[in-house]
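Undergrad: need a 3D model of the sequence below.
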Amino acid sequence: MARFNKTAHLRQNIDAIKVALTLDRENRKATPEERQILQAYSGFGAIKEVIDPLPKDGGKTTSLTPLIEELHTVLRENTPNEREYKRHFDGIKDSILSAFYTPPIIADALIASLAQSGVTPLRVIDPSAGTGVFADSLRKSIPDAEITCFEKDPMTGMILKHLRPENKVRVQGYETIEPKYSGYYDVAASNIPFGDVAIFDPAFSTHKDPARRQGTRTLHNYFFMKSVDTVRDGGIIAFITSQGVLNSEQNRPIREWLAGRCDVVSAIRLPNNLFTDHAGTEVGSDLIVLQKRPPGEYPVTERQTDFIESRKLSNGISVNNLFQQLDRVIQTDAKVGTDPYGKPAMEFTHSGGETGIAEDLRRMLVEDFSKHLDLNRYLSFAPQQTEQTQVRNETTPQVKAEHSTTVDIASASNKVEADVSTSHLQRPQEEERFPDDLDPFWQAVEEHFENLDRRDNTQTIIPTEEQNAIAKARAEGYNLDTTTGELTPITQMEPSMDISPSNIPADEPTPKDLAEFGAWQMKLTAGLWKNIRHSRKTTALLSLYRKLKPRRLRSRSKAYRQLRRVISAERCLIWTTPLFLQSRLRSYPTDKRTTRAADNPL
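TA: Sure, this is the predicted structure:
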């Protein structure tokens, strides 16, 4: 295999980004030459140097430094403001851990094997499309297919839109797909991301099923479970994913949930050097193909049981029971190594390169499809051709100032039933004032506070879906954190932290009150401080909080409440201002005023 050239790939990525930003700014389609440049985009999964500090910020100078500086320059010159620049660059940084794009020849092998087995889907979804490799393979064999692509990374999504204008490209997370698409697609095919990143989805985060709630804690588990809901009965789910889905002992509830709803059509372990040429990394992965069963069918077979169970070998390596033999492992060499997290794992390599891997993959898929794919079930639940060609409206409803009704007057005058369409008031989506990325906090200027002052009287809009999820959780006795999806009993809810100036009593607390309250509060929260996650986000918030002046915060209460809300979501209990102490003193029980003033931590 050829050695991955970081300089060449970074050069190609920068050129592709230039073209995409130009096309977006000029609002036009790509020329054939520009499409060729866009197709060379390979992501930044193997170019982790882009997150290192530049020399002007104290970083080291390397051979890639000039290109990385050019990347920053291109983003700054082609984005309208600092916020857009940071949004694109942060998307690049976030994609580094999972941006390992699939070699096209591998996607071709999967789609060709499905077609050879009689599966010709007309509704396809790729929940993590990258640059659209799977969509390309499908379009070659099924030109009329309705293909929906989700891609969360803003830059990759922009490139995908210009590469595949004929597809439905949604630059957003998979969790935003509407409920109307439940059971809609024939096939879900993708190389899904992996990682212990929590996702909030009301259909999972607040569900009574513990397996569904567990599924939101990791990307790979969520993508599998969400796709089971998204495809129709008899539909196919074919994902390249982390080996942890099948190997991890902690993942057994997820595999049991999947086996209860799907048949295991194929599970093939891919070699670690699959992504070496295309993405410059060696990582273990599996191709898992499932077929959704209709409700009520659950044949307990040995294959289903093997899919659920995994075992730990004497050397500490966990292996799924489907791989007791090596007949479903694509490899020419094997050795004991480590996984991306440093745990013991088998490392398989293939000497035939991408072509040799694709040939072995197609052979195994054809064998598995002939034995375990129920074609009759797939065809019997397939919608009619006329239904499949219908294109669903993906556009966002227009916001109207008031409830309006439109009546077709002409048909009414002809004594024909009037065509009445009702448009209800839609809540506009308020611009996110405090995004998850905290860098804008460090660059806060007076203008930002003035903007918040002008909008201080506006009410923060909570999406209806989140409101329903919160109400449902409260009805069952729980508080729902919509950021993390965590459920906590209402009886354990912390005292109110509302520090709005309007709620502050007129009488000031005495020094004795403050001393007693400080000692009591320190004892009350000692346990909570032990559980604080010392993450980069938490550290940044704490540092920022201490820099801001209480006087400014009181005069700009909206900004203060928003900042306090974000801090609370990180489980940071902060009480460094007299204003905060006054608000918390109301919950201080009078019968506990027994501590000495010397115990005051303030």
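
Undergrad: need the per-residue pLDDT for Q324.
TA: For Q324, the pLDDT comes out at 85.

Undergrad: near it, how many other residues are there?
TA: Neighbourhood size, Q324 [other CB atoms under 10 Å]: 11. The way it works is simple: take the backbone N, C-alpha and C, and place the C-beta from them, glycine included.

Undergrad: let me see the contact set for it.
TA: D306 (CB atoms under 8 Å, 6 or more residues apart in numbering).

Undergrad: measure it to E309 for me?
TA: Noted for Q324: a distance of 10 Å to E309, by CB to CB, to the nearest Å.

Undergrad: next one: E70
TA: From E70 across to E309, the span is 51 Å (CB to CB).

Undergrad: in three-state terms, label T79 for me.
TA: coil (DSSP: H, G, I helix; E, B strand; the rest coil).

Undergrad: need the contact list for it.
TA: Neighbouring residues of T79 by CB under 8 Å, 6+ apart: 21, 85, 88.

Undergrad: any idea how far A334 is from the second one?
TA: When you say that, I think you mean Y85. Y85 is 46 Å from A334, by CB to CB.

Undergrad: between these two, point out the one with more neighbours.
TA: Of the pair Y85 and A334, Y85 is the one with more neighbours under other CB under 10 Å, namely 17 against 14.

Undergrad: any idea how many residues pack against T22?
TA: Residues near T22, counting by other CB under 10 Å, number 14.

Undergrad: nearest spatial neighbour of it, skipping sequence neighbours?
TA: Sequence neighbours aside, N78 is the residue nearest to T22 in space, at 7.3 Å (criterion: CB to CB, 6 or more residues apart in numbering).

Undergrad: you'd agree the one you found is up against V19?
TA: No: contact criterion CB atoms under 8 Å: N78 and V19 do not qualify, at 10.5 Å.

Undergrad: out of those two, which sits in the busier spot?
TA: Neighbours of N78 and V19, each counted by other CB under 10 Å, are more numerous for V19; the result is 22 against 17.

Undergrad: can you pull out the strands in the stretch 151-300 of the chain?
TA: Secondary structure of the stretch 151-300 of the chain by DSSP state E, counting those that start in this stretch: the strands cover 168-170, 185-191, 231-242, 262-270, 285-292.

Undergrad: other SSEs contacting the shortest one?
TA: It stands for strand 168-170. Applying 3 or more CB pairs under 8 Å, 6 or more residues apart in numbering; DSSP states H and E, we find strand 168-170 packed against strand 146-150, helix 154-163.

Undergrad: now do the fourth one
TA: Of the remaining helices and strands, those touching strand 262-270 by 3+ CB pairs under 8 Å, 6+ apart are strand 231-242, strand 285-292, helix 302-308, helix 353-372.

Undergrad: relative to P104, which of the ones you listed is closest?
TA: Closest to P104 of the helices and strands packed on strand 262-270 is helix 353-372 (CB to CB; 8.9 Å).

Undergrad: before we move on, the earlier item: among the contacts of T79, which are in strands?
TA: The subset of the contacts of T79 located in strands under the criterion DSSP state E is empty.

Undergrad: now these as JSON lines including pLDDT?
TA: Output for the contacts of T79, formatted as JSON lines (pLDDT from 0 to 100):
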{"residue": "L21", "pLDDT": "92"}
{"residue": "Y85", "pLDDT": "90"}
{"residue": "H88", "pLDDT": "88"}
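
Undergrad: which one of those residues is nearest to I159?
TA: The nearest member of the contacts of T79 to I159, counting by CB to CB, is L21 at 9.7 Å.

Undergrad: what about the closest one, neighbour count?
TA: 19.

Undergrad: does it touch V74 like I think?
TA: Yes: proximity of L21 to V74 meets the contact threshold set by CB under 8 Å, at 7.3 Å.

Undergrad: state the distance from D201 to I268.
TA: In terms of CB to CB, D201 sits 29 Å off from I268.
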